[in-house]
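Participant: What follows is a protein structure lacking sequence information:
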């Protein structure tokens, strides 16, 4: 059992991946993996060599049998601890053996000491155990454990060679274990440095994945919010105004029928039918993400001209007299669909306010094509209003009052501007400006 550190470093490939991620182990992780495998292989080879020598050493059957049993038990304990740790590193939901790591090390060390008492060939298992002690124990305790293990190793070698006379404890018996322990400490410190680097890389990778996941979520939320705002603008500028017109025309038709004026009632019901059909077409185009059906059937100028005629009819349905006309200035140039849709929505919203609130007698929609921009001015001679107060009121609780706000949002997306000039009793002018630069005319055709 090696402790969590190496397994955590080598388990990077098990981290959750985002789409498009390709996780490749770093150089330090590969080195740590090689060290780990080498450590286990070294332990197994030294234990196997000691077993072979034990079987051929000519010891008593009792000593040989006890050595074989203890060696198998040591191999089993070592293997169980290592396998449990590896499984936990691959899947943190599995049993965590780390709290029992020191007890496991104590059992392994005790079995090793017993085997050294039987045969000196088991003494060399101390060298892989030095690395295990460095991995599991805090540094100061690990150094003390290595020193104690080295002393036991030297004592075991002296114990088994004590019959050779007074010179049984020779210098190589001391230098070999001491240099081996020193090499293990130096290598362990180098391993620790590699582990810290690998751990930092793992933490950085986790942070990157978390950041990417949070960014993806925020982008998704922003996209959802932007789409909701777009649909709110479209519904306000089309369906809501269309339904308002249907309600108004329905009431006018009802009054005409009550008065016995079937001709007027027929005209109002025709307008209701046309408005409902237009709203249905708009709703279907929302689902398909297309532009206004009116623009698809005719150009912007013709659509604005028909809008003026419809505005006059809606004003008449309210019992008001409104003269609404369309004027075209300059030479028309092809406009991208976002431009046409925005200009049409601006005219719809402005004229809806004219016949519903302005009490005007005249309204003029002027579409002008200039050298560097296309402009549209909607003028009325109505009662006017305070633009500052209207901006401060923003959106009212009943869902109305969002016309200017949504129009500004549309124009900002196209690098355009909106100016509203009005005062109480002096009428209103809504001025829309859109640049005709090369980049702007290359916009996609979707609204």
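Facilitator: Now that the structure is in, tell me what you want to look at. All figures in this text were calculated on a predicted structure; none of them were measured in a lab. Numbering: from 1, shown residues only.
Participant: and stretch 59-67, how far from the chain's centre?
Facilitator: Using CA atoms, centre = their mean, to the nearest Å, the mean C-alpha position of stretch 59-67 is found 64 Å from that of the whole chain.
Participant: ugh, wrong one, stretch 340-348
Facilitator: From the chain centre to the centre of stretch 340-348 is a distance of 36 Å (CA atoms, centre = their mean).
Participant: and the helix or strand in which residue 217 is found, what does it pack onto?
Facilitator: Using DSSP states H and E, residue 217 maps to helix 171-234. Judged by 3 or more CB pairs under 8 Å, 6 or more residues apart in numbering; DSSP states H and E, helix 171-234 is in contact with helix 4-10, helix 27-55, helix 126-136, helix 139-160, helix 262-288, helix 403-413. In short, each C-beta sits where N, CA and C put it, glycine included.
Participant: Single out the most deeply packed of those.
Facilitator: Greatest average neighbour count among these goes to helix 126-136 (a mean of 23), per mean count of other CB atoms under 10 Å.
Participant: Give me the average confidence score over that helix.
Facilitator: Averaged across helix 126-136, pLDDT comes to 82.
Participant: Just list what that helix packs against, helices and strands only.
Facilitator: Short answer (3+ CB pairs under 8 Å, 6+ apart): helix 126-136 packs on helix 27-55, helix 101-118, helix 139-160, helix 171-234.
Participant: Give the rounded mean pLDDT of the longest one.
Facilitator: Here the mean pLDDT over helix 171-234 is 78, rounded to a whole number.
Participant: what inclination does that helix have with respect to helix 126-136?
Facilitator: 40 degrees (axes from the mean of the first three to the mean of the last three CA atoms, to 10 degrees).
Participant: before we move on, the earlier item: got the helices and strands packed on helix 126-136 as TSV, with distance to residue 92 columns?
Facilitator: Below are the helices and strands packed on helix 126-136 laid out as TSV (distance: least, CB to CB, whole Å):
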stretch	distance to residue 92
helix 27-55	18
helix 101-118	16
helix 139-160	25
helix 171-234	13
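Participant: Kindly provide the distance from residue 92 to residue 126.
Facilitator: 32 Å (CB to CB, to the nearest Å).
Participant: cool, residue 424 as well?
Facilitator: 98 Å.
Participant: and if you look at residue 253?
Facilitator: 103 Å.
Participant: now do residue 210
Facilitator: From residue 210 to residue 126 the distance is 43 Å (CB to CB).
Participant: One more: residue 263?
Facilitator: Per CB to CB, residue 263 is found 113 Å from residue 126.
Participant: so which strand or helix has residue 378?
Facilitator: Counting by DSSP H and E, residue 378 is part of strand 373-380.
Participant: elements contacting that strand?
Facilitator: If you count contacts as 3+ CB pairs under 8 Å, 6+ apart, strand 373-380 packs onto helix 337-353, strand 362-369, strand 428-435.
Participant: Mind checking the pLDDT average for the host helix or strand of residue 248?
Facilitator: Assessed by DSSP H and E, residue 248 sits inside helix 241-258. Average pLDDT, helix 241-258: 81.
Participant: contact partners of that helix?
Facilitator: Under the contact criterion CB atoms under 8 Å, 6 or more residues apart in numbering, helix 241-258 has outside partners 262, 264-265, 268-269, 271-272, 275-276, 278-279, 282, 310, 314, 317-318, 348-349, 352, 356.
Participant: one more time with 7 Å
Facilitator: Applying CB atoms under 7 Å, 6 or more residues apart in numbering, the contact partners of helix 241-258 are 264-265, 268-269, 271-272, 275-276, 278-279, 314, 317-318, 348, 352.
Participant: between those, which is nearest residue 415?
Facilitator: Residue 415 has its nearest neighbour among the contacts of helix 241-258 in residue 348, at 21.6 Å by CB to CB.
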